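>>> Dropping the sequence and predicted coords here.
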Amino acid sequence: MSSKADQPHFPVLYKEIIHALRPKSAGRYVDCTVGAGGHSAGILEASSPDGLLLGFDLDPQALAIARERLATFGKRARLVQESYVRLTRVLKQLDWRYVDGMVLDLGVSSMQLDTAERGFSFLQDAPLDMRFGPEVERTAGELVNTLSEVELADLIFRYGEDRQARRIARAIVQARPLRTTKELAEVIAGSGRRHERIHPATRTFQALRIAVNDELSALEAALPQAVAALNPAGRLAVISFHSLEDRIVKQFMRLESRDCICPPEQPVCTCGHKATLREISRRPITPTGEESQANSRAHSAKLRIAERIRSI
């Protein structure tokens, strides 16, 4: 019987990530969301014979698979069960002062979606969990069953960008307690929503997952740490899967590529801000039609790349 590490895993925008980071021998690289190790393996192969990689992931199941997959690289790969929010601290502990490239592949992985008991997907019945790792305090079930109707509606609208948030929140509160993904999906589907191209529960499940794992705050906290850790000419590559993530990444990279961030109407610069990044492309890189067809998770992916420059 084959192990999970031997099973097919297709990291999104794999070739584009390797091309963006330009791995080299003796380089140091960080995979902030190592998952099953697909991008990490490519970086290690391209940086042979002595490039090093540090991989972060909160999910112990993912790390077990990644360790098996990357075992052939020996000590060149080091994996930690940590959130990338603690990037600066972990790098300091390892005495990695600067790195030559970093990748963040945001959101939930196909592996997590396919593991029914994790509760990420409404396609399989499971407890309402949705935590990326055991250290995450609240489950989706706790949010669904304890938040007020107003709080639920705000969460679904803010993180799911769903115009029917109030209607859904009202239906959830009336049906509580809800314990499983199937129960929640059925309540949402029966809340009187108009017909849509996607399943009516899709945006609510996305919103709950983002809230449970505090994903957007984590991204906002990690991006400045990533830039501070890069060598000059080192590159940061971020793959996002929905507009909220992409907006944060785009605005951060755009801001950090400018010397002055004073209001346009201000005649004299007083901010003292100096550019730290150069955007490689102002438009995001998206998967080819062939990749989207082969991997349904890829179709909404957007890759943004920036390069560290010397501060003036």
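Ah, there it is.
>>> give the contact list for Arg67.
37, 79 (C-beta atoms under 8 Å, 6 or more residues apart in numbering). To be clear about C-beta, it is placed using only N, CA and C from the backbone, and glycine gets the same treatment.
>>> how far away is it from Gly37?
Using C-beta to C-beta, to the nearest Å, one gets 8 Å for the distance from Arg67 to Gly37.
>>> do the same with Arg78
12 Å.
>>> how about the helices in this structure?
14-21, 38-46, 60-70, 87-93, 110-114, 140-146, 149-160, 165-175, 181-189, 202-213, 215-229, 243-256, 289-294 (DSSP state H).
>>> weakest of the ones you listed by average pLDDT?
Within those, confidence is poorest for helix 110-114, with a mean of 64 (mean pLDDT).
>>> can you give me the end-to-end distance of stretch 88-97?
9 Å (C-alpha to C-alpha, to the nearest Å).
>>> Can I get stretch 58-75 in CSV, CA atoms only?
Output of stretch 58-75 as CSV, limited to C-alpha atoms (Å, rounded to 0.1, in the frame of the first residue of the first chain):
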residue,chain,number,x,y,z
LEU,A,58,0.0,24.3,11.8
ASP,A,59,-1.5,21.1,10.6
PRO,A,60,0.3,18.0,12.1
GLN,A,61,-1.2,15.7,9.5
ALA,A,62,0.2,17.8,6.7
LEU,A,63,3.6,18.0,8.3
ALA,A,64,3.8,14.2,8.6
ILE,A,65,3.1,13.9,4.9
ALA,A,66,5.6,16.6,4.0
ARG,A,67,8.3,15.1,6.2
GLU,A,68,7.9,11.8,4.4
ARG,A,69,7.9,13.5,1.0
LEU,A,70,11.0,15.6,1.8
ALA,A,71,13.0,12.9,3.6
THR,A,72,15.2,12.4,0.5
PHE,A,73,16.6,15.9,1.0
GLY,A,74,17.8,15.1,4.5
LYS,A,75,18.9,18.0,6.7
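>>> buried sites along that stretch?
58-59, 62-66, 69-70, 73 (16 or more other C-beta atoms under 10 Å).
>>> Out of those residues, the closest to Ala165 would be?
Leu58 (27.5 Å; C-beta to C-beta).
>>> Help me confirm that the closest one comes into contact with Glu82.
Yes - under the criterion of C-beta atoms under 8 Å, Leu58 makes contact with Glu82 at 7.2 Å.
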